[in-house]
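Asks: model this:
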Amino acid sequence: MRWAIYARHSSDRQNPKSCADQIRECENRIATLGGVIINRYADESVSGAHEAQRPQYLAMLIAMKLGTFDAVMAEDLDRYNRNLEASARLYSLTERDSVEIWTIADGRITQLHTGLKGLMGEMFLKQLSDKTRRGNLAVARDGRIPGGNCYGYLVGAGEKRGLRVINEAQAIAVRRIYEQYAAGVSPVVICASLNKDGISPPRGAEWRVSTLLGSAKRLNGLLVNPIYAGKPVFNRQRFVKDPETGKRMAKPNPREIWIEQDVPALRIVSADVWEAVQARRAGAARKYPLHQRRRPKTLLSGLVRCEECGSPMVLANGYFRCTAQMNAGTCGNNRGVRATKLEGWVLDGLRTAMDDEELIAEYTRHLRASVDRRQAELAKQHEGVSRKREEIDRKIANLMTALEEGKGSGSVLARIKQLESDRDRIEMPSLVNVVPIVTDAPSRYKRQLQHIEQLLGGEGPEAVRAREIVRGLISRIGARRRGNQILIEADSSLGALLAFARGPESWSIVGCGSQI
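Replies: Numbering: from 1, shown residues only. Alright, predicted model coming up:
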């Protein structure tokens, strides 16, 4: 009899025996039964809840279909599967392919074994999950952290699990982010400054806005996670396995079952700063979808203030006028400024500010880095596609060998045709010619600015985005009366200018220049 051996060691440590130990015991059992061992399959540190996550198990099923072996041995039935449906499917496949299932514990497996032990394995997983959850809840109620570590903290030493202590180096970055956001700095500018200063993010290569904002519903962004105020929250979400793929999916839990604790030792930001940040976050929340939000009437609406009294200036009959003078007469600035002229002056000033050699050089540096990243991604994709093609060719060669040895059937020919079709559908990604893009960076930058100016007077999402970009580049527009004239003072935001210069990919949404 030709034998195969299957071993699996669970990532959740359901079985302390390593795959090597299991294989050794299976070899001893087969020696008593007689026969030759054709192959050994082992999935290291993989749960038995779903077969899709176990490449060696799937390879065993393919070999079984090809008639490579007559029987398969494992330590116990739960090494094959801990899922009743999967256990029943394995039994059906072995019946179809005339292969016997054996285990050291029960000998040859029958349909009765499959039903009873498959159900027991599934119940074991459910009980283990419930026990783990109860243990995590107990840890959370004790003011400790049962989940993964959070940015700004270190895993504390001690007999009790879940202890955390503040990581002072990361805590400095957390306080900086909170203080800047509370002061009105945009998340984009905050991320740009962190990346420029070389501060390591929680994950990935660079800071992103999503790292700061996260999900308000799940409180997983750095600016919304209450642990930084010394109030960790547990049980915000649960994980379930997709029955089709076997992968874990996060599902939010109802707020009423969250566990909220007060742990002053974990506080990184003060209560005042925390409240200021949450107030700004609440004010910035989108109440309506993007297409229903109220847009500024003009390019500069909401940005102009009266320098004499500090009141906002609003549009009235084509002029920006002081609201305090219009509504209460308490300001002496009764002069208005025509909106069209003001826009022209401000755009001229911005054009001068943006036509700076240092900004263009900054743009060129970041464009080069962006192209290099894209090249690396394409090279990685190219390598992955090559591996897929090689794998398909290897499978076709194995099937052809089986046919030549008389072990195949009509289904093998159909499988070969399917694999050949899969291989033909795989397209190799083409690499980007980076030389013209990088050497033409200054011209691309100028075209980018010109394109935004052309869009300002238009309609549609691109024009809206262009106006938002320009508004973000302005930090202050002040108007004051000087005799019978109006004096305009406008300041640009250095941080926003730098963010514009550093982000060629982000501005490509408005069609600025050719895409990388």
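Asks: now do the strands in the stretch 301-450 of the chain.
Replies: In the stretch 301-450 of the chain, the segments counted as strands under DSSP state E, counting those that start in this stretch are 304-306, 313-316, 319-322, 337-338.
Asks: could you give me the buried positions within stretch 197-214?
Replies: Within stretch 197-214, the residues that qualify as buried are I199, P201, W207, T211, L212, L213, G214, counting by 16 or more other Cβ atoms under 10 Å. For glycine as for every other residue, the C-beta is placed from the backbone atoms N, C-alpha and C.
Asks: returning to that earlier point: out of the strands of the stretch 301-450 of the chain, which gets nearest to N220?
Replies: Of all those, it is strand 304-306 that lies closest to N220, at 37.0 Å by Cβ to Cβ.
Asks: name the residues that touch the closest one?
Replies: If you take Cβ atoms under 8 Å, 6 or more residues apart in numbering as the criterion, strand 304-306 is touched by 311-313, 320, 322-325, 331, 333, 337, 342, 476-480.
Asks: output the strands of the stretch 301-450 of the chain as JSON lines; include the columns distance to M1 and mean pLDDT.
Replies: As requested, the strands of the stretch 301-450 of the chain are arranged in JSON lines below (distance: least, Cβ to Cβ, whole Å; pLDDT from 0 to 100):
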{"stretch": "strand 304-306", "distance to M1": "89", "mean pLDDT": "88"}
{"stretch": "strand 313-316", "distance to M1": "89", "mean pLDDT": "86"}
{"stretch": "strand 319-322", "distance to M1": "92", "mean pLDDT": "88"}
{"stretch": "strand 337-338", "distance to M1": "95", "mean pLDDT": "88"}
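Asks: I'd assumed N149 was in a helix, is it?
Replies: No - when the secondary structure is assigned by DSSP: H, G, I helix; E, B strand; the rest coil, N149 falls in coil instead of a helix.
Asks: need the pLDDT of it.
Replies: If you check N149, the pLDDT there is 72.
Asks: so it sits against R164, correct?
Replies: Yes - using Cβ atoms under 8 Å as the test, N149 is close enough to R164 to be in contact (7.3 Å).
Asks: please enumerate the shared neighbours of these two.
Replies: Taking Cβ under 8 Å, 6+ apart as the criterion, N149 and R164 both touch V155.
Asks: for the closest residue to A71 other than its chain neighbours, what are its contacts?
Replies: Once its chain neighbours are removed from consideration, A71 has its nearest residue in E100; the separation is 4.0 Å (Cβ to Cβ, 6 or more residues apart in numbering). Under the criterion of Cβ under 8 Å, 6+ apart, the neighbours of E100 are D70, A71, V72, T94, R108, I109.
Asks: in ChimeraX, select just the buried ones from the residues you listed.
Replies: A single ChimeraX command is used to select the members of the contacts of E100 judged buried by 16+ other Cβ under 10 Å:
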select :70,71,72,94,109
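Asks: check pLDDT for the contacts of E100 and point me to the minimum.
Replies: Scanning those for pLDDT, the low point is I109. It has 85.
Asks: next one: R2, what pLDDT does it get?
Replies: Each residue has a pLDDT score; the one for R2 is 94.
Asks: now swap in the one 3 residues further on and tell me
Replies: According to the model's per-residue confidence, I5 sits at a pLDDT of 94.
Asks: again, but for G156
Replies: Reading off the model, G156 has pLDDT 66.
Asks: quick revisit: nearest to A276 among the buried residues of stretch 197-214?
Replies: Checking those one by one against A276 (Cβ to Cβ), the nearest turns out to be L212, at 14.9 Å.
Asks: below-threshold pLDDT in the stretch 1-150 of the chain: ranges please.
Replies: 11-16, 47-51, 115-148 (pLDDT under 70).
Asks: which residue ranges of it form helices?
Replies: Listed in chain order, the helices of the stretch 1-150 of the chain (DSSP state H, counting those that start in this stretch) span 19-33, 55-65, 77-80, 84-97, 111-141.
Asks: check which residues of the fourth one are buried.
Replies: Burial within helix 84-97, assessed by neighbour count using 16+ other Cβ under 10 Å, is assigned to L84, A86, S87, R89, L90, Y91, T94, D97.
Asks: can I get it in CSV, CA atoms only?
Replies: The C-alpha atoms that make up helix 84-97 are tabulated as CSV, following Å, rounded to 0.1, in the frame of the first residue of the first chain:
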residue,chain,number,x,y,z
LEU,A,84,-17.7,19.3,10.4
GLU,A,85,-18.4,20.4,6.9
ALA,A,86,-14.8,20.1,5.8
SER,A,87,-14.5,16.7,7.5
ALA,A,88,-17.5,15.4,5.6
ARG,A,89,-16.1,16.8,2.4
LEU,A,90,-12.7,15.1,3.0
TYR,A,91,-14.5,11.8,3.5
SER,A,92,-16.5,12.3,0.3
LEU,A,93,-13.3,13.0,-1.7
THR,A,94,-11.5,9.9,-0.4
GLU,A,95,-14.5,7.8,-1.3
ARG,A,96,-14.4,9.2,-4.8
ASP,A,97,-10.7,8.6,-5.2
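Asks: just to revisit the earlier point, next, format the strands of the stretch 301-450 of the chain as JSON lines and append mean neighbour count and distance to D356.
Replies: Output for the strands of the stretch 301-450 of the chain, formatted as JSON lines (neighbours: other Cβ atoms under 10 Å; distance: least, Cβ to Cβ, whole Å):
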{"stretch": "strand 304-306", "mean neighbour count": "23", "distance to D356": "25"}
{"stretch": "strand 313-316", "mean neighbour count": "18", "distance to D356": "29"}
{"stretch": "strand 319-322", "mean neighbour count": "23", "distance to D356": "28"}
{"stretch": "strand 337-338", "mean neighbour count": "16", "distance to D356": "27"}
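Asks: adding distance to E256, write those out as a markdown table.
Replies: Written out in a markdown table, the entries for the strands of the stretch 301-450 of the chain read as follows (distance: least, Cβ to Cβ, whole Å):
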| stretch | distance to E256 |
| --- | --- |
| strand 304-306 | 45 |
| strand 313-316 | 44 |
| strand 319-322 | 49 |
| strand 337-338 | 54 |
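Asks: care to break the protein down by domain?
Replies: Here the domain parsing of the chain from automatic domain parsing is 2-127, 153-284, 297-384+433-516.
Asks: just those domains: most buried one?
Replies: Relative to the other members of the domains of the chain, domain 2-127 carries the highest mean neighbour count by mean count of other Cβ atoms under 10 Å, namely a mean of 18.
Asks: you'd agree F69 is up against R2?
Replies: Yes - assessed by Cβ under 8 Å, F69 is found in contact with R2 at 4.5 Å.
Asks: now list whatever residues contact both of the two.
Replies: Shared between the contact lists of F69 and R2 (criterion: Cβ under 8 Å, 6+ apart) are residues I38.
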